[in-house]
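S.K.: Generate coordinates for the sequence data below:
(chains A and B)
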Amino acid sequence: MTNEEKISLIEDALEIEPSTLKPETLVGNISELDSMGKLTLIVLCDDEFNKKLTGEKLKEFNTVQDILDFMA
Amino acid sequence: MNVIQVINEVFTSNTYVISNDNSDWVWLIDIGNLIGVLNTLSEKQQVRGVFITHPHYDHIYSINQLIELYPDCQVFASAQTSEGLYSAKLNLSFYHDFPIEFKGTDIKVLNEGATIELFDKYYLEAMKTPGHHWGCLSFRINNYLFTGDSYIPNFEVVTKLKGGNKEAALESLDRLKKNIKQDTIICPGHGKMQTMHEFSNKDK
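M.R.: Prediction:
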């Protein structure tokens, strides 16, 4: 899956307008990533990538690229 | 008919205990903190049944303890919620510290318009209100409306969790609001139970 496709999945899951997120977008600037949004991302990583994302790991992410790398 | 709100520890969701002065049984809307429920009961009162608004774990997390304590307790839910009760991933408890999967075998599936007699002359009516989750039900008993997470006054419906759908949520919200009169007591899945009149005044 390409980075663009992964970003599209994240935007869809978090109900963010398409083409809003870029790899360099700061995770801290994504207002949709509130507690419900974090849970949604955790579920997405499990469902689509079979990766167990934890709340602690999520805190380590600085940019969207970090999320994409985790999904890889 | 009496309705007592129990505020649960997980995400401060609500469980409602519905009783009647002439009856030795109560009914529940959702089941979070069982101890909180038991604290509202008299010695002779038993839980006859629980109506689940949707399967997210903050609304169901004591369901197995409830059934252990009251083996005859009936569980009512939509078909989609029933599926979620048996799957820790679908009810999202898998992603928290304590996965929950319903150990019982009997869930009574409720469809749109299903009516259950709770007490003499008191009936619960089920309404399908998908959006927050595709299996969401709301319940009306006289002038009480139990909306789960389909309608929490002054808050936007959360639709980004698994099973959510924004368009369906808006349609459900419209349907619910058409059923609300000024004296309707709204009992949401989180927050206070109040009449629409009180909510409206708060906004002013």
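
S.K.: which residues sit in contact with residue 30?
M.R.: If you meant another chain, say so; for now it's chain A. A:14, A:16, A:21, A:37, A:64 (C-beta atoms under 8 Å, 6 or more residues apart in numbering or on different chains). To be clear about C-beta, it is placed using only N, CA and C from the backbone, and glycine gets the same treatment.

S.K.: ah, no, chain B please
M.R.: B:13-16, B:50-53, B:59-60, B:148, B:189.

S.K.: so how far is chain A from it?
M.R.: Remark: distance between residue B:30 and chain A (C-beta to the nearest C-beta, to the nearest Å) = 18 Å.

S.K.: Find the nearest non-adjacent residue to that residue, please.
M.R.: In space, and not counting its chain neighbours, residue B:30 is closest to residue B:59: 4.2 Å by C-beta to C-beta, 6 or more residues apart in numbering or on different chains.

S.K.: same question, residue A:43
M.R.: Residue A:43's closest residue in space is residue B:162 (C-beta to C-beta, 6+ apart), at 5.4 Å.

S.K.: ditto for residue B:63
M.R.: Here the residue nearest residue B:63, using C-beta to C-beta, 6+ apart, is residue B:31, at 5.2 Å.

S.K.: Tell me the secondary structure of the one you found, please.
M.R.: coil (DSSP: H, G, I helix; E, B strand; the rest coil).

S.K.: what about it, how many residues close to it?
M.R.: Look at residue B:31: counted by other C-beta atoms under 10 Å in any protein chain shown, it has 27 neighbours.

S.K.: Quick check: residues of chain B near chain A?
M.R.: Within chain B, the residues that sit near chain A (C-beta under 8 Å from any C-beta of the partner chain) are B:89, B:92, B:94-95, B:158-162, B:166.

S.K.: In chain B, what residue spans correspond to strands?
M.R.: For chain B, the strands defined by DSSP state E occupy B:2-7, B:14-19, B:25-29, B:46-51, B:74-77, B:107-109, B:115-119, B:122-128, B:137-141, B:144-148, B:185-188, B:194-195.

S.K.: In CSV: these, plus mean neighbour count and mean pLDDT.
M.R.: Converted to CSV, the strands of chain B look like this (neighbours: other C-beta atoms under 10 Å in any protein chain shown; pLDDT from 0 to 100):
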stretch, mean neighbour count, mean pLDDT
strand B:2-7, 16, 97
strand B:14-19, 23, 98
strand B:25-29, 25, 98
strand B:46-51, 20, 98
strand B:74-77, 22, 98
strand B:107-109, 15, 98
strand B:115-119, 15, 97
strand B:122-128, 19, 98
strand B:137-141, 25, 98
strand B:144-148, 25, 97
strand B:185-188, 22, 96
strand B:194-195, 16, 89
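
S.K.: Quick one: those strands as TSV, columns for distance to residue B:64 too.
M.R.: Putting those into TSV (distance: least, C-beta to C-beta, whole Å) gives the following:
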stretch	distance to residue B:64
strand B:2-7	18
strand B:14-19	15
strand B:25-29	14
strand B:46-51	12
strand B:74-77	11
strand B:107-109	13
strand B:115-119	22
strand B:122-128	23
strand B:137-141	21
strand B:144-148	20
strand B:185-188	24
strand B:194-195	32
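
S.K.: Check which helices and strands the longest helix anywhere in chain B sits against.
M.R.: The single longest helix within chain B, with elements called by DSSP state H, is helix B:166-178. In this structure, helix B:166-178 packs against strand B:122-128, with contacts taken as 3 or more C-beta pairs under 8 Å, 6 or more residues apart in numbering or on different chains; DSSP states H and E.
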